[in-house]
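*Asks:* With the sequence up front, the predicted model follows.
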Amino acid sequence: MKKIIIAAAALLLGIVSASADNDRPINVNQLPKASQDFLAAHFGNLQLAFAVEDPKYMGSEYEVVYTDRTEVEFNTQGEWTSVERRYEAVPAGIVPEQISSYIDRTDFTRGHKITKISRNRFEWEVELTNGLEIEFDTNFNVIGIDD
């Protein structure tokens with residue numbers, strides 16, 4: 001029995017190791033159309049460093065990095081899931097009004113810029129220039145603050 005458990009663990013480890021880090025470089029024109037449109041609209045003036053495709057079991061995820069260290073991640077449908085800027089705020093057009101309003105009206109966040117924004121089916125998360133991370137649910141209620 002012990003040998004079976006060890007063999008199963010080794011097999012699982014091998015499968016996980018083999019499927020990890022399958023990133024492959026791609027050209028931006030190989031991204032889904034929605035991703036290409038998003039990048040052209042919000043980051044068309046930046047110089048591309050590289051783009052990678054990360055194949056998954058059900059489609060692929062994508063990451064695009066610019067020379068100023070801006071990073072944009074996309075899901076399998078080509079929708080952005082994360083935007084991070086090192087030296088500037090993320091484009092205002094991608095930040096929901098409810099989040100912008102909260103940042104502008106709250107004392108400890110007022111005046112700080114959003115340098116990272118991410119989203120998934122369950123929540124939104126922003127990181128500010130002061131290092132504060134704020135999580136919102138899908139109705140844009142604050143559900144967490146981390147400094």
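*Replies:* Now that the structure is in, tell me what you want to look at.

*Asks:* Which stretches in this structure count as helices?
*Replies:* 2-19, 33-43, 97-105 (DSSP state H).

*Asks:* Which strands or helices does the second one pack on?
*Replies:* It refers to helix 33-43. The contact analysis (3 or more Cβ pairs under 8 Å, 6 or more residues apart in numbering; DSSP states H and E) places helix 33-43 against strand 59-66, strand 71-74, strand 80-84. Yep, even glycine has a C-beta here, placed from its N, CA and C like the rest.

*Asks:* Parallel or antiparallel, which strands does the shortest one pair with?
*Replies:* Here strand 71-74 is paired, per DSSP bridges, with strand 59-66 (antiparallel), strand 80-84 (antiparallel).

*Asks:* want to try CSV for the ones you listed, with distance to residue 108 as columns?
*Replies:* Output for those, formatted as CSV (distance: least, Cβ to Cβ, whole Å):
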stretch, distance to residue 108
strand 59-66, 30
strand 80-84, 22
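
*Asks:* Need the ones you listed in CSV (columns: mean neighbour count and mean pLDDT).
*Replies:* Shown next, in CSV, are these (neighbours: other Cβ atoms under 10 Å; pLDDT from 0 to 100):
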stretch, mean neighbour count, mean pLDDT
strand 59-66, 19, 96
strand 80-84, 18, 98
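
*Asks:* so which of those gets nearest residue 115?
*Replies:* Minimum separation from residue 115 across the strands paired with strand 71-74 (Cβ to Cβ) falls at strand 80-84, 6.8 Å.

*Asks:* which outside residues touch that closest one?
*Replies:* 35, 38, 42, 61, 70-75, 90-91, 94, 115-120, 127 (Cβ atoms under 8 Å, 6 or more residues apart in numbering).

*Asks:* Sort out which of those are buried, if you could.
*Replies:* Buried by 16 or more other Cβ atoms under 10 Å: 35, 38, 42, 70, 72-75, 90, 115-119, 127, out of the contacts of strand 80-84.
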